[in-house]
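Student: Sharing a model prediction with you, sequence too.
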Amino acid sequence: MWKIKTTDRFDWWYSALQDKERACVLAALMVLREKGPAVRGQKSRERKAFL
């Protein structure tokens, strides 16, 4: 499992989100915490396949 570090700017932005938006970001952070930097590569391949 990976450790997620956030910046003050991110924390400010996150706190300004609506509940639904915050839940979506939190879900993405949980996937990132579980899979680490490999998430980026997977997403890139999915994006290319979509285009």
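Tutor: Received it, and whenever you're ready, just let me know what you need.
Student: okay, CA-based contacts and neighbour counts for the rest of this
Tutor: Fine.
Student: and Asp11, how far is that from Leu17?
Tutor: Here the criterion is C-alpha to C-alpha, to the nearest Å. By it, Asp11 lies 10 Å from Leu17.
Student: no wait, Phe10
Tutor: From Phe10 to Leu17 the distance is 11 Å (C-alpha to C-alpha).
Student: Over to Val25?
Tutor: 9 Å.
Student: Let me see the ranges of the helices in this protein.
Tutor: 8-15, 19-35, 38-50 (DSSP state H).
Student: Mind putting these into TSV with mean pLDDT?
Tutor: Output for those, formatted as TSV (pLDDT from 0 to 100):
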stretch	mean pLDDT
helix 8-15	96
helix 19-35	92
helix 38-50	57
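Student: Single out the most deeply packed of these.
Tutor: Burial of the helices of the chain is given as mean neighbour count (mean count of other C-alpha atoms under 10 Å); helix 19-35 ranks first at a mean of 13.
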